[in-house]
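J.: just coords:
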């Protein structure tokens with residue numbers, strides 16, 4: 001419509017400056033209009049008859065506007081712009097050739113639809129003005145001869161790197177613009193800001209053409225399954241699943257271990273959202289690998305089932321984790337915690353109870369020399385433990401070096417720290433003035449009144465309801481009831497302000513006010529916790545003998561402390577860019593026994609294919625070794641690694657990973673937001689396939705390449721003549737109505 005009335009499309013107006021091409025001064029136009037107004041007023045005032053002043057003013061106004069429009073046309077309004085010089089510039093056209101473009105939104109695939117835009121006839125308007133540089137891209141960009149013969153669909157898409165490769169490769173030409181044809185699928189989920197900044201630095205506008213539907217109501221997609229990489233036997237894992245959908249309703253997810261059915265869950269899909277998060281509990285009973293497969297049941301008319309399945313392997317390790325618990329007084333919490341953990345085969349609790357100024361009572365030790373001098377003075381000795389619990393213990397009992405060791409135990413070793421309330425605990429124990437305070441999720445209140453021996457009820461927070469360590473039941477409502485029915489704790493300690501990364505899991509009600517009771521935050525490689533009470537023992541004392549909630553709480557809490565504690569020789573594996581990457585990490589790479597370390601890996605598939613790898617040190621990451629390979633088949637891959645110095649074997653570790661269908665089967669909806677972002681940052685525009693014919697005009701206003709100035713005249717635009725006709729017709733009709741003609 002704009003082009004019909006004003007001769008040119010909207011893009012010409014947005015990229016041009018308005019001028020009067022006649023060169024006559026504007027003051028002359030204004031003076032002429034003023035003179036005309038004076039003449040009109042004089043003429044109408046002397047007009048014989050009794051015509052009312054309102055009618056005279058209306059006629060005068062219409063004649064003045066008509067005269068002003070005529071003057072405007074005589075001054076020759078025009079648009080002046082810088083446009084790419086014809087025949088002197090190039091345009092790079094990038095076609096997404098990844099696997100997601102083979103997805104069919106209807107009768108034809110996205111690739112077929114894209115190729116229809118790139119026929120010689122469709123490219124004629126661009127080709128007669130610019131040199132066309134064709135590129136195909138998936139994980140990387142490659143120059144092409146023609147768009148009619150395409151390579152095999154790629155297994156991954158790296159949109160950011162592909163664009164940068166194209167810009168660098170084509171920078172030798174006088175590049176005026178880039179046209180990117182894609183569905184926006186990117187296996188990195190987004191383009192890094194640094195990549196966007198580098199794209200913008202080339203000064204070349206990127207016009208993106210979106211392919212595929214943004215909404216696919218008949219499709220469910222299991223976008224993500226989030227689970228820990230390892231677990232202890234007897235642990236309940238809480239898998240977070242993310243489901244993408246374009247309509248509300250219900251979804252059912254089933255979980256298998258290999259071919260063995262484990263559990264199922266019905267999930268409510270919201271009407272006003274396109275992503276639903278849910279949690280599915282899975283029991284990890286026996287040591288070994290859980291080869292988990294999560295499957296969404298299809299909905300009505302769903303034909304694309306490839307994106308309904310995700311796989312995840314969890315190592316259930318038969319390790320005995322070690323926890324050091326140091327306590328400054330023989331209190332009930334100390335006794336009942338020990339009892340709760342005695343029968344847990346995965347936890348070894350070693351305790352130091354201070355009984356005199358220079359003597360500790362030790363329990364849970366392996367030999368007479370262990371902890372013989374009290375709290376460790378050597379980092380290597382402390383680092384043998386996976387978690388540290390500090391009860392009602394005064395910080396002044398430890399040297400500054402030992403306090404620094406505790407901080408490093410969390411930040412560098414990756415261990416967990418749990419601090420308990422008490423008369424000499426937390427702030428009252430002076431810990432707020434030590435470097436250990438840096439690790440904690442809360443600043444510590446050091447007022448004497450902070451610790452109160454009074455009963456108070458405990459309740460879950462919203463975050464606590466989602467924490468596996470605080471689950472007494474699979475049912476959320478039943479779990480809430482079981483927590484609400486617990487006896488009150490016997491004491492509580494007021495904390496200071498929480499740190500930004502802190503998460504409150506439990507609260508205690510003090511005189512009608514909720515205050516944090518169990519708080520946690522990540523710190524460095526580890527995690528810190530505060531349990532602001534020493535009174536959970538009342539749960540055990542007040543509950544029936546067969547009620548195991550007190551034991552369950554402490555077993556699940558201590559398992560959460562050690563679950564992610566790095567082992568001395570840690571082995572992990574994951575799929576990255578269609579490769580299986582095996583990574584090993586040595587806890588103390590500077591130790592004398594680790595000098596000259598070599599790590600060998602044997603990978604075996606379900607088909608008994610064997611791959612041997614030698615892991616290489618990762619630059620800039622001491623103690624980290626890795627190597628990768630591209631598998632021949634999908635399936636489960638078992639990985640065994642040994643570390644050695646010369647002929648001396650130091651340690652071994654095993655893990656497993658499942659290599660399944662490529663990432664291109666996921667994120668099948670057009671990622672318009674990403675394509676618009678690329679266009680916006682670089683000065684281009686986002687287009688749909690139906691707007692393809694408008695792109696050549698938009699390209700001509702690029703600020704890159706070799707430019708020429710162009711003037712587009714507006715004086716003969718239909719709009720001005722239409723206005724003159726309407727103004728004269730309005731005057732004539734009014735005069736007829738008022739019977740003056």
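T.: Nice, thanks for sending it over. This one's a predicted model, so the numbers in the text were calculated from it and none came from an experiment.
J.: Now residue 60: closest residue in space that isn't a chain neighbour?
T.: Nearest residue to residue 60 in three dimensions, chain neighbours excluded: residue 40, at 4.7 Å (CB to CB, 6 or more residues apart in numbering). Every C-beta, even on glycine, is put in place using the N, C-alpha and C of the backbone.
J.: other SSEs contacting the helix or strand harbouring that neighbour?
T.: Element membership for residue 40 (DSSP states H and E) is helix 26-45. Other helices and strands packing on helix 26-45, by 3 or more CB pairs under 8 Å, 6 or more residues apart in numbering; DSSP states H and E, are helix 53-74.
J.: so how far is the helix it packs on from its chain's centroid?
T.: Put simply, helix 53-74 sits 61 Å off its chain's centre (CA atoms, centre = their mean, to the nearest Å).
J.: For it, buried residues please.
T.: Residues 56, 59-60, 62-69, 71-73 are the ones in helix 53-74 that count as buried (16 or more other CB atoms under 10 Å).
J.: which helices and strands sit right next to that helix?
T.: For helix 53-74, the packing partners by 3+ CB pairs under 8 Å, 6+ apart are helix 26-45, helix 718-737.
J.: pLDDT averaged over the first one - what is it?
T.: Read it as helix 26-45. For helix 26-45, mean pLDDT rounds to 85.
J.: Report the inter-axis angle for it versus helix 53-74.
T.: Using axes from the mean of the first three to the mean of the last three CA atoms, to 10 degrees, one finds that helix 26-45 and helix 53-74 are set 150 degrees apart in direction.
J.: Dig out what residue 582 forms beta bridges with.
T.: residue 573, residue 627 (DSSP bridges).
J.: From residue 628, how far off is it?
T.: Distance of residue 582 to residue 628, given as CB to CB, to the nearest Å: 7 Å.
J.: Could you do residue 45 as well?
T.: 93 Å.
J.: Among the buried residues of helix 53-74, which one lies nearest to residue 649?
T.: residue 72 (91.6 Å; CB to CB).
J.: what's the closest non-adjacent residue to the closest one?
T.: residue 720 (7.1 Å).
J.: correct me, but the one you found touches residue 73?
T.: Yes - the criterion here is CB atoms under 8 Å, and residue 720 meets it with residue 73 at 5.4 Å.
J.: Compare residue 45 and residue 628 (neighbour count), which wins?
T.: residue 628 (17 against 10; other CB atoms under 10 Å).
J.: can you pull the contacts of the more buried one?
T.: 576, 579, 580, 581, 582 (CB atoms under 8 Å, 6 or more residues apart in numbering).
J.: same check, this time on residue 679
T.: Listed by CB under 8 Å, 6+ apart, the contact set of residue 679 reads 205, 206, 207, 208, 685, 686.
J.: Am I right that it is in a helix?
T.: Yes - Residue 679 sits within a helix when classified using DSSP: H, G, I helix; E, B strand; the rest coil.
J.: If you average pLDDT per helix and strand, which one of this structure comes out bottom?
T.: strand 707-713 (a mean of 69; mean pLDDT, DSSP states H and E).
J.: any idea how far residue 480 lies from residue 460?
T.: 6 Å.
J.: more neighbours, those two?
T.: residue 460 (22 against 16).
J.: The residue nearest to residue 60 and residue 64 touch, don't they?
T.: Yes - shown here, residue 40 and residue 64 form a contact pair, counting by CB under 8 Å, at 6.2 Å.
J.: for the stretch 151-300 of the chain, what spans make up the helices?
T.: 159-170, 193-201 (DSSP state H, counting those that start in this stretch).
J.: Tell me which of these is the most buried.
T.: Mean neighbour count (mean count of other CB atoms under 10 Å) peaks for helix 159-170 among the helices of the stretch 151-300 of the chain, with a mean of 21.
J.: got the end-to-end distance for stretch 164-177?
T.: End-to-end distance for stretch 164-177: 13 Å, by CA to CA, to the nearest Å.
J.: Distance from that stretch to the middle of the chain?
T.: That offset, for stretch 164-177, works out to 30 Å (CA atoms, centre = their mean).
J.: Among the contacts of residue 628, find me the one that's closest to residue 596.
T.: residue 582 (20.4 Å).
J.: how close does the closest one sit to residue 319?
T.: From residue 582 to residue 319 the distance is 20 Å (CB to CB).
J.: before we move on, what about residue 64?
T.: In terms of CB to CB, residue 64 sits 93 Å off from residue 319.
J.: do residue 629 as well
T.: 28 Å.
J.: ditto for residue 536
T.: According to CB to CB, residue 536 and residue 319 sit 26 Å apart.
J.: Those two: which has the busier surroundings?
T.: Between residue 536 and residue 319, residue 536 has the larger neighbour count (other CB under 10 Å), namely 25 against 16.
J.: ok, back up a step: buried sites along the helix holding residue 40?
T.: Buried, per 16+ other CB under 10 Å, within helix 26-45: 29, 33, 36, 37, 40, 44.
J.: could you dump these to JSON lines with distance to residue 525?
T.: JSON lines is the format used below for these (distance: CB to CB, whole Å):
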{"residue": "29", "distance to residue 525": "74"}
{"residue": "33", "distance to residue 525": "77"}
{"residue": "36", "distance to residue 525": "82"}
{"residue": "37", "distance to residue 525": "81"}
{"residue": "40", "distance to residue 525": "85"}
{"residue": "44", "distance to residue 525": "89"}
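J.: Of those, which is the nearest to residue 188?
T.: Among those, and counting by CB to CB, the member closest to residue 188 is residue 29, at 57.5 Å.
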